[in-house]
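J.: Okay, structure incoming, though there's no sequence with it:
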């Protein structure tokens, strides 16, 4: 009987309950008849007959068992006193009813227990799934790691064995253990991020949310971790895009300013060229003594005209359309820059060496823009060696193959820092306190308009080497 009652969820329902009541009473009566030789037991052997339907069947089946037991006892055991028979029957009925209610309560508790076990199993499975997929750490009241999930181990690049028992401060810089002790029951989260430290020393931004199992002073804390590296990178990228947008706005403003300056400066430069031409004519009337002065005026006039051409090219550079490239001799274009380049050297006490191959030097170029690019590169090189003990700048030009002619501007300066190589050609990027950050950007644009690429490397002289190639004019083979 006890073994049957322990089977979870088993119960005699409907007619089966009544059959169970009849059978249990019959078996109890047989047991009682067997015990008659030892004395009068009356209702005692019939109590198990009531317990069985009470544990496994309904109230009606239990009531049937009680009624059958009383009827059988009254019929089989004659009593001298009717009152005694009635009292014993009532007592048995009350005991049987109590047993029935206890059985019913037991069945209800068993059903509730089974339901709670199912819910607990489901909850444990859910928690296990969460721990298997989320970085979670459990800390004691002293901020020592009690448990850590595999994703959390992967986040810190450690193992559960190495992490268990260690202080959480070993993995999160400046983590305040007082947060666990002082935070109110419930959850804690903050907009700030912490700095997590991996086992290899790598530091990354980390978000932490805490939940407490009870009073913070004596309970464990469950920490849910979030790697904020991607968010932090996105924030930095957003700032970079904002800076680039500001640069575009400034470049647009510079473009408008350049157009205005081009228009305004062309008029006085044209007037200055006219005055110089008139002065040259007057000097020509003065005779032989004025020849030297006339040559000086001629040089001044050529530079004024060149300044006007540079301004026009700068304006064209800001426009979508580009000037067509024409065959030019490299040696001729560099020779024209000779006076300007030689003026750059003494200003910084720098030695400027020019070595241009003038045999096979016909290239496709815009003469004015190309000369502007060369002046920018040489000026930067001279400024780079200004504070060096060895002040040398070298400008070289060589045909590298049948299709290209290479230009190199090298110096003995400090070179370009590796962290600035990728950004040094960006507009408005400068390392000089008085620089505008336009020289290299404009130079790169000019080189790209010529179909080349401006690059920077390390010079054998110890400083930087800027180089680019121009397309050679067709019809000139390499000897």
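T.: Cool, got the structure. Note that the structure is a prediction, hence the values are computed from the model and not measured. Numbers count the residues shown, from 1 in each chain.

J.: if I look at residue 338, how far off is residue 361?
T.: Relative to residue 361, residue 338 is positioned 15 Å away (C-beta to C-beta, to the nearest Å). All C-beta spots, glycine's among them, are computed from the backbone N, C-alpha and C.

J.: Settle it for me: which of these two has more neighbours?
T.: Counted by other C-beta atoms under 10 Å, residue 338 and residue 361 do not tie: residue 361 has more neighbours, with 22 against 10.

J.: Once you drop chain neighbours, what's closest to that one?
T.: residue 330 (3.8 Å; C-beta to C-beta, 6 or more residues apart in numbering).

J.: swap in residue 397?
T.: Leaving aside its sequence neighbours, residue 397 sits nearest to residue 356 (C-beta to C-beta, 6+ apart; 4.2 Å).

J.: My guess is that neighbour contacts residue 330. True?
T.: Yes. Judged on C-beta atoms under 8 Å, residue 356 makes contact with residue 330 at a distance of 5.9 Å.

J.: Between the two, which is the more surrounded one?
T.: residue 330 (23 against 18).

J.: Any stretches of the stretch 1-150 of the chain with poor pLDDT?
T.: Where the stretch 1-150 of the chain drops to pLDDT under 70, the residues are 1-14, 34-37, 39-42, 78-81, 84, 127, 130-132.

J.: nope, the stretch 201-350 of the chain is what I meant
T.: 213-219, 238, 241-278, 280-297, 299, 301, 304, 308, 310-323, 347.

J.: residues of stretch 53-66 that come out buried?
T.: For stretch 53-66, the neighbour count (16 or more other C-beta atoms under 10 Å) marks 53, 54, 55, 56, 57, 58, 61, 62, 63, 64, 65, 66 as buried.

J.: before we move on, what about stretch 394-405?
T.: Going by 16+ other C-beta under 10 Å, stretch 394-405 has these buried residues: 394, 395, 396, 397, 398, 399, 404, 405.

J.: Could you do stretch 110-127 as well?
T.: Per 16+ other C-beta under 10 Å, stretch 110-127 contains these buried residues: residue 110.

J.: do stretch 375-393 as well
T.: Going by neighbour count (16+ other C-beta under 10 Å), the buried part of stretch 375-393 is 375-385, 388, 391-393.

J.: What pLDDT is listed against the nearest residue to residue 349 once chain neighbours are set aside?
T.: Among residues not flanking residue 349 along the chain, residue 391 sits closest, at 5.9 Å (C-beta to C-beta, 6+ apart). Here, the pLDDT recorded for residue 391 equals 90.

J.: Next up, the contacts around residue 391.
T.: By C-beta atoms under 8 Å, 6 or more residues apart in numbering, the contact set of residue 391 is 348, 349, 350, 351, 385, 412.

J.: Report the separation between the second one and residue 325.
T.: Summarising the geometry, the distance separating residue 349 from residue 325, computed by C-beta to C-beta, is 37 Å.

J.: Neighbour count for the two, which is higher?
T.: Using other C-beta under 10 Å as the criterion, residue 349 and residue 325 rank with residue 325 on top: 19 against 10.

J.: Just confirm that one contacts residue 365, I think it does.
T.: Yes. Assessed by C-beta under 8 Å, residue 325 is found in contact with residue 365 at 5.8 Å.

J.: any common contacting residues for those two?
T.: Common neighbours of residue 325 and residue 365, counting by C-beta under 8 Å, 6+ apart, are residue 450.

J.: ok, and what's touching the helix or strand residue 224 falls within?
T.: Taking DSSP states H and E as the definition, residue 224 sits inside strand 221-227. The contact list for strand 221-227, computed with C-beta under 8 Å, 6+ apart, reads 134-141, 152, 155, 168, 180, 196, 204-213.

J.: Could I get the buried residue list for the helix or strand harbouring residue 441?
T.: Here residue 441 sits within helix 439-449, counting by DSSP H and E. For helix 439-449, the neighbour count (16+ other C-beta under 10 Å) marks 439, 440, 441, 442, 443, 444, 445, 446, 447, 449 as buried.

J.: what domains does the record give for this protein?
T.: Listed by automatic domain parsing, the domain ranges of the chain are 2-129, 134-227, 233-317, 326-471.

J.: circling back: may I see the buried residues of the strand holding residue 224?
T.: Neighbour-count burial for strand 221-227 flags 221, 222, 223, 224, 225, 227 (criterion: 16+ other C-beta under 10 Å).

J.: contact partners of stretch 395-405?
T.: 330-331, 334, 341, 352-357, 360-361, 363, 374, 378, 406-410, 469-472, 477-478.

J.: now, which of the residues you listed lie within strands?
T.: Here DSSP state E is the test, and those give 352-356, 363, 406-410, 469-471 as lying in strands.

J.: Can you lay out those residues as a markdown table showing pLDDT?
T.: Below are those laid out as a markdown table (pLDDT from 0 to 100):
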| residue | pLDDT |
| --- | --- |
| 352 | 90 |
| 353 | 92 |
| 354 | 93 |
| 355 | 94 |
| 356 | 93 |
| 363 | 94 |
| 406 | 95 |
| 407 | 95 |
| 408 | 95 |
| 409 | 95 |
| 410 | 95 |
| 469 | 93 |
| 470 | 94 |
| 471 | 93 |
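
J.: And these, which is closest to residue 85?
T.: Nearest to residue 85, judged by C-beta to C-beta, of the ones in strands among the contacts of stretch 395-405 is residue 469 at 126.5 Å.

J.: who are the neighbours in contact with the closest one?
T.: Residue 469 touches 400, 404, 405, 406, 407, 452, 453, counting by C-beta under 8 Å, 6+ apart.

J.: for those, which one is nearest residue 235?
T.: When those are compared against residue 235 (criterion: C-beta to C-beta), the nearest one is residue 453, at 32.5 Å.

J.: hang on, that closest one in a helix?
T.: No. Per DSSP: H, G, I helix; E, B strand; the rest coil, residue 453 lies outside any helix segment and is coil.

J.: Next up, the contacts around residue 463.
T.: Going by C-beta under 8 Å, 6+ apart, the list of residues near residue 463 reads 381, 384, 385, 410, 411, 412, 413, 414, 415.

J.: residues near the closest residue to the second one other than its chain neighbours, how many?
T.: I take that to be residue 384. Leaving aside its sequence neighbours, residue 384 sits nearest to residue 413 (C-beta to C-beta, 6+ apart; 3.2 Å). Residue 413 has 25 neighbours, counted by other C-beta under 10 Å.

J.: show me the contacts for residue 413.
T.: 381, 384, 385, 388, 462, 463, 464 are the contacts of residue 413 under C-beta under 8 Å, 6+ apart.

J.: before we move on, the earlier item: redo the buried residues of stretch 394-405 as a markdown table? Include distance to residue 457 and secondary structure.
T.: Shown next, in a markdown table, are those (distance: C-beta to C-beta, whole Å; DSSP: H, G, I helix; E, B strand; the rest coil):
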| residue | distance to residue 457 | secondary structure |
| --- | --- | --- |
| 394 | 14 | strand |
| 395 | 16 | strand |
| 396 | 14 | strand |
| 397 | 17 | strand |
| 398 | 16 | strand |
| 399 | 20 | strand |
| 404 | 17 | strand |
| 405 | 18 | strand |
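
J.: Quick check: of those residues, which lies closest to residue 122?
T.: Distance to residue 122, by C-beta to C-beta, is smallest for residue 404 among the buried residues of stretch 394-405, at 73.0 Å.
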